[in-house]
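Novice: A predicted structure for the sequence below; I have some questions about it.
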Amino acid sequence: MIRRILLLAVCIGCACSGTITLGSPGPDVISEQAAQQHGLTRAWFTQVQVDSSRGRLGELILDEGTLFLVSDQSVVTGIDAATGVTRWTVEVGNRNYPAFTPAANRKFVAVVNGSSLYVLNRVNGKLLWKTKLDGAPGAGPALSQQRVYVPLLDGRLAAYRLLPVKEEVSEAAQKEVLTAEQRAARDLARLDSLRLEQDVPPPLYAQVPGRALIQPVVTRENEGEENVVWATDQGYLCAGRIDRKDQKALELRYRLHTDAPIVAQPSYLPPDANVLSDSGLVVAGSEDGFVYGIRERNGEQVWRFSTGEPIVEDPVVLGRFVFVANQLGGMYCVDAKSGSQVWWTPEVTRFIAASKERVYATDKIGLLHVLSARTGTGLDTIAATMLPIKLTNPESDRLFLASTTGMIQCLHEPEMTQSLVRKIPPKEIEPSTTLASAKAASKEESSEESKEPTHTASSKHSGSSGGGSKSSGSKSSGGSKLGGTKSGASKTAGAKSKKGGMGDFGGAGAGGGKKRKKGKGGLDAGAMPGMIPGAAKQ
């Protein structure tokens, strides 16, 4: 009798909590009723293959509409992010060896297991190529369209060439006129049958001080070159380049030396009329408490912003805005162009996702905070401690939450039936690009870069406020150096900034001479359309 009373009390308590209700799919799922109480709806939930006796879900990434998951048993799973349907599941390498965060692009998924690198077919999960690394890996890989980059513990970054087996296409097939559906089906079939050459050139290396413990980020790539940035635990943010017409070296273009280790993955914003029209922007956070805005083309420091405490989570760039949280709790929204503070909110330690009007973030104990996108004001909190894996999603407005036992669910605001797309897929570059076009592209890049000073050496900032930059609350005696060149024209914002004004959340139409009405809380009216220029609803 006592047991029955206790069981009834537990059921009533769970129902009242709003997190689990009678008839819910399981204890690791936020019920539809509970989601609706917080202005959300549940798009789907699914259970992925995890050994319940000893396996745990470890890593989760999102790339162009597909979720890729890796368990601590080195089982990799691909899931359709729109429907929750599992596309494939494979075991990679040795289940007793650690598997790092994977990387994905339109064709491949790269996974490091132990000291080996595996490249899978994105469409079906088939193993295409593997190799033994020349050293112990420090983090997961990054993928360009032609290479996979792996950071090593000895400070090297290794670049491995991926060579698809050439497919012979008949002249009749080339001239065949296809509908859009037929063309899409043909492209999917080609990806499904994709193969890689097994005999590839030796990897290229770049050596920098310290250990590379976070994933690299591929920034700019075209027919003539590809660029990558990575960081080390000695506080170096490094940028490398491979010339695609003379693929003999991974050259170090420049490096920024901060005053503490960099343990958060940098973010990259492609050229944007609202931020930098002539260059991409690299945003990196350091344990010195600063987040840096770096001109990708030449390493010039555009701005530096102080959060006051170490930064250990990845800064997230959404259009014109940067979201960065410090280790003790508190997230800043920073203008990506000027480096000035738009708003600040306490407690939260990591950005999760954003819709048109709301920003979602998590705190140290796993609560999900709902914030006003205009002011950062807290609107709601959602009990989600039973779902400790929360995907940081800069690509769309969807919330992806998972338990360590492999239960995953997707939440979104009810009116957002179609996912907002903030990431424009990169232009596909064919490996058969002619040497002439590669030289032309390289010449164009060189002419643009010649207008800016380049930086090849490293030096620390002089002064706590960033040299010749403007900052609130402190003075500086000289120009800050990045690679030995002064960047005194750059602006720095302190942890408290009076400058408000927040434009579209990566939306089109910012600038161009039109005056825009200001909304309350320092945010422009009509902000947060959720889409960057050129992106479209899917």
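Specialist: Yep, it's here. Numbers count the residues shown, from 1 in each chain.

Novice: how's the chain carved up into domains?
Specialist: According to automatic domain parsing, the chain comprises the domains 1-28, 274-423+439-538.

Novice: rank these by mean pLDDT and give me the bottom one.
Specialist: Here the lowest mean pLDDT among these goes to domain 1-28, at a mean of 48.

Novice: Checking my notes, residue 215 in a strand, right?
Specialist: No - assignment of residue 215 by DSSP: H, G, I helix; E, B strand; the rest coil gives coil, placing it outside any strand.

Novice: Please give me every residue in contact with residue 116.
Specialist: 93, 130-133 (Cβ atoms under 8 Å, 6 or more residues apart in numbering). C-betas here are computed from N, CA, C, even on glycine.

Novice: what's the answer for residue 220, then?
Specialist: By Cβ under 8 Å, 6+ apart, the residues touching residue 220 are 226-227, 270, 280, 296-297.

Novice: a markdown table please, covering the residues you listed and showing neighbour count and distance to residue 49.
Specialist: As requested, the contacts of residue 220 are exported to a markdown table (neighbours: other Cβ atoms under 10 Å; distance: Cβ to Cβ, whole Å):
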| residue | neighbour count | distance to residue 49 |
| --- | --- | --- |
| 226 | 24 | 35 |
| 227 | 22 | 37 |
| 270 | 18 | 36 |
| 280 | 19 | 38 |
| 296 | 22 | 39 |
| 297 | 25 | 44 |
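
Novice: Inside strands: which ones of those?
Specialist: Residues of the contacts of residue 220 located in strands (DSSP state E): 226-227.

Novice: just the contacts of residue 220 now: which is nearest residue 394?
Specialist: residue 270 (12.7 Å; Cβ to Cβ).

Novice: Now do the same contact list for the residue nearest to that closest one when sequence neighbours are not counted.
Specialist: Distance criterion Cβ to Cβ, 6 or more residues apart in numbering; nearest residue to residue 270, sequence neighbours excluded, is residue 280 at 5.0 Å. Applying Cβ under 8 Å, 6+ apart to residue 280 gives the contacts 219-220, 268-271, 296-297.

Novice: now do residue 311
Specialist: Contact analysis of residue 311 by Cβ under 8 Å, 6+ apart lists 264, 285-287, 289-291, 324-327.

Novice: quick one, strands of the stretch 51-200 of the chain?
Specialist: Taking DSSP state E, counting those that start in this stretch, the strands of the stretch 51-200 of the chain run over residues 57-63, 66-71, 75-80, 86-91, 103-104, 108-113, 116-121, 127-132, 142-143, 147-151, 156-161.

Novice: Need these in TSV (columns: distance to residue 424 and mean pLDDT).
Specialist: As requested, the strands of the stretch 51-200 of the chain are exported to TSV (distance: least, Cβ to Cβ, whole Å; pLDDT from 0 to 100):
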stretch	distance to residue 424	mean pLDDT
strand 57-63	13	91
strand 66-71	17	94
strand 75-80	20	95
strand 86-91	23	95
strand 103-104	16	96
strand 108-113	19	97
strand 116-121	24	97
strand 127-132	26	97
strand 142-143	17	97
strand 147-151	21	97
strand 156-161	24	96
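
Novice: quick one: residue 188 and residue 123 touch, right?
Specialist: Yes - at 6.9 Å, residue 188 counts as touching residue 123 under the criterion of Cβ atoms under 8 Å.

Novice: out of these two, which sits in the busier spot?
Specialist: When residue 188 and residue 123 are compared for neighbours, residue 123 comes out ahead with 21 against 11, by other Cβ atoms under 10 Å.

Novice: quick one: terminal-to-terminal distance for stretch 202-214?
Specialist: 23 Å (Cα to Cα, to the nearest Å).

Novice: swap in stretch 51-64?
Specialist: Stretch 51-64 has an end-to-end distance of 28 Å (criterion: Cα to Cα).

Novice: List the buried residues of it.
Specialist: Neighbour counts over stretch 51-64 (16 or more other Cβ atoms under 10 Å) mark 55, 57-63 as buried.

Novice: ok, now stretch 216-228?
Specialist: Buried, per 16+ other Cβ under 10 Å, within stretch 216-228: 216-228.

Novice: so how far is that stretch off the chain centroid?
Specialist: Centroid separation between stretch 216-228 and its chain, computed with Cα atoms, centre = their mean, to the nearest Å, is 15 Å.

Novice: For that stretch, measure first residue to last.
Specialist: 7 Å.

Novice: Then stretch 330-340?
Specialist: Start-to-end, stretch 330-340 (Cα to Cα) is 16 Å.

Novice: Centre of the chain to it, how far?
Specialist: The answer for stretch 330-340 is 17 Å, by Cα atoms, centre = their mean.

Novice: Stretch 270-282 too?
Specialist: 17 Å.

Novice: As a markdown table, the contacts of residue 311 with neighbour count and secondary structure would be great.
Specialist: Below are the contacts of residue 311 laid out as a markdown table (neighbours: other Cβ atoms under 10 Å; DSSP: H, G, I helix; E, B strand; the rest coil):
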| residue | neighbour count | secondary structure |
| --- | --- | --- |
| 264 | 22 | coil |
| 285 | 30 | strand |
| 286 | 25 | coil |
| 287 | 20 | coil |
| 289 | 20 | coil |
| 290 | 25 | strand |
| 291 | 27 | strand |
| 324 | 26 | strand |
| 325 | 28 | strand |
| 326 | 22 | coil |
| 327 | 16 | coil |
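
Novice: Can you verify my assumption that residue 161 contacts residue 149?
Specialist: No - with contacts counted by Cβ under 8 Å, residue 161 stays clear of residue 149, the gap being 11.0 Å.

Novice: related to what we said a few turns ago, closest to residue 376 out of the buried residues of stretch 216-228?
Specialist: The closest of the buried residues of stretch 216-228, once distances to residue 376 are taken by Cβ to Cβ, is residue 217, at 26.3 Å.

Novice: what separates the closest one from residue 262, distance-wise?
Specialist: Separation of residue 217 from residue 262 (Cβ to Cβ, to the nearest Å): 12 Å.

Novice: can you check residue 330 too?
Specialist: On the measure of Cβ to Cβ, residue 330 and residue 262 end up 20 Å apart.

Novice: where's the nearest residue to residue 125 once chain neighbours are set aside relative to residue 130, distance?
Specialist: Distances taken as Cβ to Cβ, 6+ apart put residue 88 closest to residue 125, at 3.6 Å, once the chain neighbours are dropped. For residue 88, the distance to residue 130 equals 17 Å [Cβ to Cβ].

Novice: Residue 259 - how many residues pack around it?
Specialist: Counted with other Cβ under 10 Å, residue 259 comes out at 13.
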